[in-house]
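Colleague: Give me a 3D structure for the following:
(2 chains)
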Amino acid sequence: MASKRKYRGIDQLSTRDKVVVSLMVIVPTLIVLWLVWLPAIGSVLLSFTNWDGIGPLSGIKSVGLQNYRDIATIYPPFWPAIQHNLIWLAVMFLVATPLGMLFAVLVDRGVAGTRFYQTSIYLPVVLSLALIGFIWQLIYSRDQGLINAITGGTTDWYGDPNVNLWAALVAASWRHAGYIMLLYLAGLKGVDPSLREAAKIDGASESQTFFKVVFPVMRPINIIVLVVTFIESLRAFDLVWVINKGRNGLELISTLVTQNVVGEASRIGFGSALATIMLLISSVLVFIYLRIAMKED
Amino acid sequence: MTRPSSEAEYLARMVPPSVRGVDRRTLLRGALGVGTLLGAGGLAACSSGSTGSTGVPTGAVTGTVTVGSNQSDAVPKAAVQSYMDAFAKANPGTTVKINTVDHNSFQENINNYLQGSPDDVFTWFAGYRMQFFAEKGLVGDVSDVWKNITGMSDALKKASTAADGKQYFVPITNYPWAVFYRKSVFQEKGYEVPKTLDDLNALGAQMKKDGLSPIAFGDKDGWPAMGTFDQINLRVNGYDFHVSLMAGKEAWTDPKVKKVFDTWAGILPLHQADSLGRTWQEAAQSLQQKKSGMYVLGSFLAQQFTKGAEQDDLDFFTFPEIDSTIGTDAIEAPIDGYMMSAKPKNEGGAKKLLQYISQPEAQLLALKADPSVIATNQTADTSGYTALQKKSLEYVKSAKSIAQFMDRDTRPDFASTVMIPAIQSFIKNPKDIDGLLTSIEAQKKSIFGS
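Modeller: Numbering: from 1, shown residues only, chains lettered A, B, ... in the order given. The predicted structure follows:
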């Protein structure tokens, strides 16, 4: 048949292929719907109720916007939590990530004992967060901690609400920098060495070579690093939870959600409203990221 | 249904049946969402329905009784095993299957657990926390077990009774909250046990002069300071007001509550500084190392003291009198025990087991593991008690009214999401009591009103 080559759409596929293709489309779609969209929409819906997690769906009463009103007006930990999340984001973005990149550049340049540094900087990423919380507890404890033992001070690193956020950020940055270093190092290894040679021949200094040549070439990696930083700061939770369950100066939106929803408290409606607020904040960042990414294309 | 053989399997059973087909993570991830939502539809069927009152079998029972236990530490776990084994031995043909879950996870998952497929019998606490589940129909009525229980005081029966007048709980052990101190320190420095608030202030001043922190204090985890609030409220306003306040029936802006915080603010300088970064264990160690003079805590603080001479050196007194018209006859002594699920698979066996738990034999086996608690059955043989246990027993017996603990006497959501941050902010800034109480009251109205 002459029309053999003409593409006849899906009819051209054998039955078996059709089944395979439809499964490949349907299964991931269902998984995404079930795991992502249904819970997300469910959360938003639940945020307008006062459900306590017990009893049938029919027993759920709508309370309108009361949860949101309560959060904004009479729930003292909320505004500090927003503030702390923003501080967290700023510190990760301005300190921890640049530090990780600096480590990567130094390691890439081949300082003596590169492997040793590389391993030690990356080590915190491998450790479980429960262990990290414990390690820093040994360092920060007011009465029995390393810092106060050495300096003879009595700073209450984890208990003083003016200090503990920064103490936690040091611990978080310690971990985050290692992660970024590894990502960035992989990128640096991929940069064509001839570019640097060319820059050198043209008389560029070390820093000029990095900022004018290497850094722009690494744009894809930079974007990944940016996204990872955003994600890591927004979902910041575990370390703070290990320290004091996100109270007393360490409130983050994620810990407030957990405090309300998980456990005996079971303020599912109230917690869902907090989760919805978190969702909105993340959406703004996702939106900005998508704008950047789209523009690039 | 097959019995779980591991903790992971056990946890998986907490997932309501309608979502069990899906990975357990689905539920965790969708804990806020449809996962639980759909689950609830299916479990409505599980949780409704009343327990047929078949009574407690008089003869031996057979079959398997499942027990959910939060006693996850090695020593208490072995103790649970020992009295469950003893029960099985007394009832040939009966096996007891214990599912032990990490203490905190058990507590945090209790809602899902009870709505899923709970064990026949499980560990829990007396007080509002028990009544809450009774009201929701998630636990079984054990009034007929109580008909056969002997040796339990009326106060214990009252603590096991829900609003509908039926019993839903069987006590096994309890422990008092009080002011603990080391006898050797008091002897060496010539301190006297304070009887009134003035005495306490004078003693505190003296201790400060002697280079001690008068009152050890650690509230990093948020709950220990609740105990101090309870003690002061019981002394300033008495038991009835305390219970009524915890039940949400009194306004937190009431001048009576303000007086509690004012009193606390007055003795706060006697407390160890920077308490919000310190765990209760660290605070207890400061008492143990003789750096602090006293500590308001439950008798479980003895766990931080080595057995033998050091534990014998530990003693306690009741929180000093603040108002002579109120006195000191109200104390706090949380009761631990067991409840039965709403629809046990082996109801006869479960009730028989609960009855056994109320008896001295089982309770003394439980004490072997943790000598900081005491048996709730008055007929239990106290000859093996340590000095501290004997004193605890007298203390609890002589009390006119017994409160549980803030997070057991009030709604758990109110205690954990409102009171913990509120008390911590009071400790940080004891000056703005009015603002704090207004905030608590606004949140209370929202939570109790829902």
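Colleague: and the residue of chain A found nearest chain B, what pLDDT?
Modeller: Evaluated by Cβ to the nearest Cβ, chain A has A:Gly159 as its residue closest to chain B, separated by 2.2 Å. Glycine gets a C-beta too; all of them are placed from N, C-alpha and C. On the pLDDT scale, A:Gly159 is placed at 83.
Colleague: what's the burial count for the closest residue to it other than its chain neighbours?
Modeller: Using Cβ to Cβ, 6 or more residues apart in numbering or on different chains and skipping the chain neighbours, the partner closest in space to A:Gly159 is B:Gly277 (2.2 Å). Residues contacting B:Gly277 under the criterion other Cβ atoms under 10 Å in any protein chain shown number 29.
Colleague: Hmm, A:Val163 and B:Gly277 touching each other?
Modeller: No. Look at B:Gly277 against A:Val163 with Cβ atoms under 8 Å: they stay out of range, at 9.0 Å.
Colleague: which neighbours do those two share?
Modeller: A:156-157 (Cβ atoms under 8 Å, 6 or more residues apart in numbering or on different chains).
Colleague: Low-confidence bits of chain B, can you list those?
Modeller: B:1-54, B:450 (pLDDT under 70).
Colleague: To clarify, my last question referred to the stretch 51-200 of chain A.
Modeller: If you take pLDDT under 70 as the line, the stretch 51-200 of chain A has no such spans.
Colleague: Alongside chain B, which residues does it contribute?
Modeller: Within reach of chain B by Cβ under 8 Å from any Cβ of the partner chain, the stretch 51-200 of chain A has these residues: A:52-58, A:63, A:66, A:70, A:73-77, A:140-144, A:154, A:156-161, A:164.
Colleague: could you pull out the helices for the stretch 51-200 of chain A?
Modeller: A:66-73, A:78-91, A:97-109, A:114-126, A:129-140, A:146-151, A:164-189, A:193-201 (DSSP state H, counting those that start in this stretch).
Colleague: Could you dump those into a markdown table with mean neighbour count added?
Modeller: Formatted as a markdown table, those follow (neighbours: other Cβ atoms under 10 Å in any protein chain shown):
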| stretch | mean neighbour count |
| --- | --- |
| helix A:66-73 | 18 |
| helix A:78-91 | 17 |
| helix A:97-109 | 19 |
| helix A:114-126 | 14 |
| helix A:129-140 | 17 |
| helix A:146-151 | 13 |
| helix A:164-189 | 21 |
| helix A:193-201 | 12 |
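Colleague: roughly how far apart are the residue of chain A closest to chain B and A:Thr97?
Modeller: Noted for A:Gly159: a distance of 29 Å to A:Thr97, by Cβ to Cβ, to the nearest Å.
Colleague: same deal with B:Lys136?
Modeller: In terms of Cβ to Cβ, B:Lys136 sits 48 Å off from A:Thr97.
Colleague: what does B:Gly227 give?
Modeller: Taken as Cβ to Cβ, the span from B:Gly227 to A:Thr97 is 44 Å.
Colleague: Wait, B:Gln404 touches B:Ala126, no?
Modeller: Yes. Counting by Cβ under 8 Å, B:Ala126 is a contact partner of B:Gln404 at 6.0 Å.
Colleague: Please enumerate the shared neighbours of the two.
Modeller: With Cβ under 8 Å, 6+ apart as the test, B:Gln404 and B:Ala126 both reach B:159, B:334-335.
Colleague: What is the nearest of those to chain A?
Modeller: B:Pro334 (15.1 Å).
Colleague: Can you report how many residues lie near that closest one?
Modeller: Should you count by other Cβ under 10 Å, B:Pro334 turns out to have 24 residues around it.
Colleague: Tell me how far it lies from A:Leu234.
Modeller: 39 Å.
Colleague: Tell me which residue lies nearest the centroid of the chain.
Modeller: You didn't say which chain, so I picked chain A. What sits nearest the mean C-alpha location of chain A, by Cα atoms, centre = their mean, is A:Glu232, with 1.7 Å.
Colleague: Oops, wrong one, chain B.
Modeller: Note: chain B centre (Cα atoms, centre = their mean) maps to B:Pro334, 4.5 Å.
Colleague: The helix ranked longest in chain A: which residues count as buried?
Modeller: Ranked by residue count and defined by DSSP state H, the top helix of chain A is helix A:268-296. Across helix A:268-296, burial judged by 16 or more other Cβ atoms under 10 Å in any protein chain shown covers A:268-279, A:281.
Colleague: same deal with stretch B:85-96?
Modeller: Buried, per 16+ other Cβ under 10 Å, within stretch B:85-96: B:87-88, B:91, B:94, B:96.
Colleague: And stretch A:36-46, by the same measure?
Modeller: Buried-residue list, stretch A:36-46, by 16+ other Cβ under 10 Å: A:38-40, A:42-46.
Colleague: could you dump stretch B:272-281 to CSV, C-alpha only?
Modeller: Below are the C-alpha coordinates for stretch B:272-281, written out as CSV (Å, rounded to 0.1, in the frame of the first residue of the first chain):
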residue,chain,number,x,y,z
GLN,B,272,16.6,28.4,87.2
ALA,B,273,17.2,30.9,84.4
ASP,B,274,16.9,30.2,80.7
SER,B,275,14.5,27.4,81.2
LEU,B,276,13.2,27.3,77.6
GLY,B,277,16.4,25.7,76.3
ARG,B,278,16.6,23.1,79.0
THR,B,279,14.9,19.7,79.0
TRP,B,280,13.4,18.3,82.3
GLN,B,281,16.2,15.7,82.3
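Colleague: Closest residue of chain B to chain A?
Modeller: For chain B, Cβ to the nearest Cβ, closest residue to chain A: B:Gly277, 2.2 Å.
Colleague: Report the contact partners of that residue.
Modeller: By Cβ under 8 Å, 6+ apart, the contact list for B:Gly277 reads A:140-142, A:156-160, A:164, B:220.
Colleague: same thing with B:Leu367?
Modeller: Taking Cβ under 8 Å, 6+ apart, one finds B:79, B:173, B:373-375, B:384, B:389 in contact with B:Leu367.
Colleague: For stretch A:27-47, give the mean pLDDT please.
Modeller: Averaging pLDDT along stretch A:27-47 yields 92.
Colleague: Distance across that stretch, terminal residue to terminal residue?
Modeller: Its first and final residues considered, stretch A:27-47 spans 29 Å by Cα to Cα, to the nearest Å.
Colleague: again with stretch B:263-283
Modeller: So stretch B:263-283: terminal residues 22 Å apart, Cα to Cα.
Colleague: mind listing the strands for chain B?
Modeller: B:63-69, B:94-100, B:121-125, B:170-174, B:177-182, B:213-216, B:292-298, B:314-317, B:330-332, B:335-340, B:374-375, B:401-403 (DSSP state E).
Colleague: what would those look like in JSON lines with distance to chain A?
Modeller: Below are those laid out as JSON lines (distance: least, Cβ to the nearest Cβ, whole Å):
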{"stretch": "strand B:63-69", "distance to chain A": "15"}
{"stretch": "strand B:94-100", "distance to chain A": "19"}
{"stretch": "strand B:121-125", "distance to chain A": "11"}
{"stretch": "strand B:170-174", "distance to chain A": "20"}
{"stretch": "strand B:177-182", "distance to chain A": "18"}
{"stretch": "strand B:213-216", "distance to chain A": "10"}
{"stretch": "strand B:292-298", "distance to chain A": "11"}
{"stretch": "strand B:314-317", "distance to chain A": "20"}
{"stretch": "strand B:330-332", "distance to chain A": "19"}
{"stretch": "strand B:335-340", "distance to chain A": "15"}
{"stretch": "strand B:374-375", "distance to chain A": "26"}
{"stretch": "strand B:401-403", "distance to chain A": "19"}
